[in-house]
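Novice: my questions are about this predicted structure, shown below with the sequence.
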Amino acid sequence: MTSDDEHDDDPKGGRSGKSRRELPAGAVATLKAWMLSPEHFTHPYPTPQDQVMLMQKTGIDKKQLKNWFTNARRRIWKPMLKKQLEQGKLTQTGGGGVAVPGVVQGLMVPTSAAATGDHTKQQDSQPPTMPGQYQQ
């Protein structure tokens with residue numbers, strides 16, 4: 001085996017084509033900390049000002065940021081929200097949202113679709129216009 005062969009090994013099992021790039025070191029931790037913080041947990045959609053701050057802090061661009069949040073809401077936040085609802089750590093409100101103890105009220109998460117996964121036609125990159133209502 002030559003030294004050139006050592007560098008040809010593909011950790012993804014020999015897939016060719018468009019390579020998958022990981023985010024810079026520390027970026028995922030920063031984004032996760034923002035999303036799971038008590039002030040953002042009930043509404044994990046960064047404002048334009050938050051987006052600028054997160055892009056500067058992490059060194060990623062807007063498309064990467066939006067993709068990360070879209071995936072993270074589906075893969076991390078939604079299962080965590082569902083688990084907390086099942087364990088009784090969160091309470092459902094009459095308006096179809098959830099109340100988190102110790103968090104500013106008025107920030108509600110639509111649970112009818114968020115907790116059950118019924119928002120197949122919902123675009124994950126934008127928050128719903130009204131809590132509990134989804135565009136179809």
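Specialist: Done, it's in.

Novice: would you map the strands across this protein?
Specialist: For the chain, the strands defined by DSSP state E occupy 91-92, 98-99.

Novice: leaving out sequence neighbours, find the closest residue to Trp77.
Specialist: The spatial neighbour of Trp77 that comes closest, neighbours along the chain excluded (Cβ to Cβ, 6 or more residues apart in numbering), is Pro44 at 5.4 Å. C-beta: built from backbone N, CA, C; applies to glycine.

Novice: count the residues that sit near that neighbour.
Specialist: Neighbourhood size, Pro44 [other Cβ atoms under 10 Å]: 19.

Novice: how near is it to Arg21?
Specialist: Taking Cβ to Cβ, to the nearest Å as the criterion, Pro44 is separated from Arg21 by 23 Å.

Novice: now Gln87
Specialist: Counting by Cβ to Cβ - Gln87 and Arg21 are separated by 36 Å.

Novice: now Ser37
Specialist: 26 Å.

Novice: between the two, which is the more surrounded one?
Specialist: A side-by-side neighbour count of Ser37 and Arg21, using other Cβ under 10 Å, places Ser37 first with 11 against 7.

Novice: quick check: Trp34 touching Thr47?
Specialist: No. Using Cβ atoms under 8 Å, Trp34 makes no contact with Thr47, being 11.4 Å away.

Novice: neighbour count: these two, which is higher?
Specialist: Neighbours were counted for Trp34 and for Thr47 using other Cβ under 10 Å; Trp34 has more, 18 against 9.

Novice: what pLDDT is listed against the more buried one?
Specialist: Listed pLDDT for Trp34 reads 98.

Novice: for it, which residues are in contact?
Specialist: Taking Cβ atoms under 8 Å, 6 or more residues apart in numbering, we find Trp34 in contact with 40, 46, 50, 54.
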